[in-house]
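Have a look at this fold, sequence not included:
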C-alpha cells in the first residue's frame, strides 16, 4: 500500500484493517499538494485540523492537511491527556458542554479504543483546607450524581464514596491527617500526540494528502477576492496549493497569523492560556488513578496521574502573551505544583526529581479581563466574507464534533453537501482491537497494543525481520528501535524531535535518557529516509539544545 489509498465514504469499517501498513512517503505527499486541486485545504495539524481532514475525506472530498512543524507539536501534545466531561464545567453552569463532552468521550472510547482507556479520578475529603471539606461533601456528591446522569453512566460504572482506607489504597502517600474519605468517579485518558497522529493517518488512509513540516505562509485569493488556496513552504520548496476552501485550524497561533487582520478572524479574540505538567517518578507518589489535590491559598486544584513509571503533576491556567513557539514550564510554575504535591502527600518531591515537563497554551476565545479558569471552553467557527474558515477553542474531548461543524461550514463555501460519517468511524488500529486480551498478554505485546492497536503486528513484523531492532532505544522505557523504523516508514516522522517527543513520549517521561538516545535515533532516520550526515547531526544538536533549554528554564537558570 504505497502513498495513499482512496476510500469511498460509507464503506464498511472493516476497511480500516489491512494486510499491509499504510506507508506515507513525504515526497509523494508534497507532489500531491502541487499537482492536485483540492476541495478543502486545512492549515494546522493539531487534533482539530486532523479530525477535520478525516471528516472531509470520509465525506468524499479531496482534502489536504498541512502542518508547519509536526502533527500535535503544539497544544495537542501538551494537554492534560484526559478525555472527560469536566466537573468544573458543571460548577460553571455549563451542563450542556458536559453532557456533550461525555457523549464524545464514549465515541472516542469506541473509535480509538486502543488509545483511550478508562481512568478513575479520586477526590479526597479533608477536615479543612481541601478541594472541599466535609461540609461541602454532600453538595459535591450531588454534583457527581449530575455528572453520572449527564453521561458518566456511559462508562458502565457510577461514582463511588470511599472510606479513608480506600483512599489510601489508591494513593498510599496521601497524608492521613484530616483525611475523612473521598469520592471516585470515572473518565478516560489518552496519549494526545498519538491520538492526533492516528486521526491524521486515518485521513490519509481515506485519501487525504497529509504533510508535516510544511508551513502555510500565505492564503491566496482569486480576482474576485475570494480565498482559493495557500502557498506552502516545505524546506526550500515553495508550493502553490489550490483549493475551493481554506480552513485555519491553527489554535492559539491564529493570534499571530497575518490573515487574522482581515475579515472576522480578528473578532475571535484569541486568548492563550498556559498550562504546564511535570513528570516525576511514580514511586514518589504510588497512585493508581488521577488524584485531585488542593494547592494552599489557590482556587486552582492540581492533579496527579499515573502513566507507566511516572506520574504527571499539573496543571496551571494563566494568560500567556509571549512567544507561542517558546513555551516552557518555569521554575515559578514548577514550585507551585511541587508545593501542592508536598502539602497533600507524604513525599519530599523536589525540582531535581522532575524527569520531564510539557507546557502549552489552550486556545481560549474570550475578550481581555477575568480569570482564564472561569472562561468557558466552547469553540468558535467563523466564515469570513472572502470565504476563509477559522475554527478555534474547544477541547480535546470534543475535537471530533468541532471538526464536523467546521466541515459543515466549509461546505457552505464550496457549495456542496455531504453527510458527516465520523461518529462511528474507527481510527487506524482500532477496528477489531481487543484491549482485554492484549493487556492480559502483558510485556511487549501490551506495550505495542496500547500504542498501535491492531497495527502492532506491522511493528512486530519489523522485529521478526530484523531481531537486532528489538533493542531498547531509550534507557528505562519500553520503546524499541523497531518503533523508530516504523515511525519513519509509516508515521511521517522526519526528525529526531518527531520521534522522541511525539511518536514516543520519551522527552516527557525520561528527558535525560531521551537525549542520550538522540544520536541512535538519528542514525536510524538517516538509514530509513536517506538523510545526509549534516542534516542528522543538526537534528541531534537541535534536540540536545532544546532539552538543555527546557531544563534551564525549569530550574530557573534562564
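Good, I have the coordinates. Computed from a prediction, not measured in an experiment: that's the story for all the values here. Numbering: from 1, shown residues only.

where does this structure have its least confident helix or strand?
The weakest-scoring helix or strand in the chain, judged by mean pLDDT, DSSP states H and E, is helix 87-91 (a mean of 59).

Quick one: distance of the following helix or strand past it to the chain centre.
Beyond helix 87-91 in the direction of the C-terminus, DSSP states H and E gives the next helix or strand as helix 95-111. Helix 95-111 sits 16 Å away from the centroid of its parent chain (CA atoms, centre = their mean, to the nearest Å).

Please identify the buried residues of helix 95-111?
In terms of neighbour count (16 or more other CB atoms under 10 Å), helix 95-111 has its buried residues at 97-109, 111. Where C-beta positions appear, they are placed from N, C-alpha and C, glycine not excepted.

Show the residue spans covered by the strands in the stretch 151-300 of the chain.
160-162, 179-190, 209-211, 215-221, 227-234, 237-248, 270-281, 290-293 (DSSP state E, counting those that start in this stretch).

Most tightly packed of those?
strand 209-211 (a mean of 28; mean count of other CB atoms under 10 Å).

Residue 37: what's it in contact with?
62, 242, 243 (CB atoms under 8 Å, 6 or more residues apart in numbering).

so residue 190 touches residue 113, yeah?
No - Residue 190 lies out of contact with residue 113 (CB atoms under 8 Å); the separation is 10.7 Å.

can you list residues touching both of the two?
In contact with both residue 190 and residue 113: no residue, using CB under 8 Å, 6+ apart.

Same list, the strands of the stretch 151-300 of the chain, but as TSV with distance to residue 384 and mean pLDDT please.
Output for the strands of the stretch 151-300 of the chain, formatted as TSV (distance: least, CB to CB, whole Å; pLDDT from 0 to 100):
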stretch	distance to residue 384	mean pLDDT
strand 160-162	49	91
strand 179-190	33	90
strand 209-211	24	98
strand 215-221	10	96
strand 227-234	8	97
strand 237-248	10	98
strand 270-281	15	94
strand 290-293	40	92
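
between these, which gets nearest to residue 145?
Minimum separation from residue 145 across those (CB to CB) falls at strand 179-190, 10.1 Å.

partners of the closest one, with directions?
In the sheet, strand 179-190 lines up against strand 82-83 (antiparallel), strand 116-126 (antiparallel), strand 160-162 (antiparallel) (DSSP bridges).

Show me the one of those that comes nearest residue 171.
When those are compared (using CB to CB), the closest one is strand 116-126, at 6.6 Å.

mean confidence score for the closest one?
Averaged over strand 116-126, pLDDT sits at 90.

In it, which residues are buried?
For strand 116-126, the neighbour count (16+ other CB under 10 Å) marks 116, 119, 120, 121, 122, 123, 124, 125, 126 as buried.

Out of those residues, the closest to residue 455 would be?
For the buried residues of strand 116-126, the closest approach to residue 455 (CB to CB) belongs to residue 116, at 15.8 Å.

quick revisit: so which of the strands of the stretch 151-300 of the chain gets nearest residue 76?
That would be, of the strands of the stretch 151-300 of the chain and by CB to CB, strand 179-190, which comes in at 10.7 Å.

angle of that closest one against helix 95-111?
Put simply, strand 179-190 runs at 60 degrees to helix 95-111, going by axes from the mean of the first three to the mean of the last three CA atoms, to 10 degrees.

contacting residues around stretch 246-256?
Contacts for stretch 246-256 (CB under 8 Å, 6+ apart): 40-44, 46, 48-49, 52, 74-76, 219, 227, 229-230, 257, 259-260, 265, 268, 270, 272, 324, 361-363, 387-392, 406, 410.
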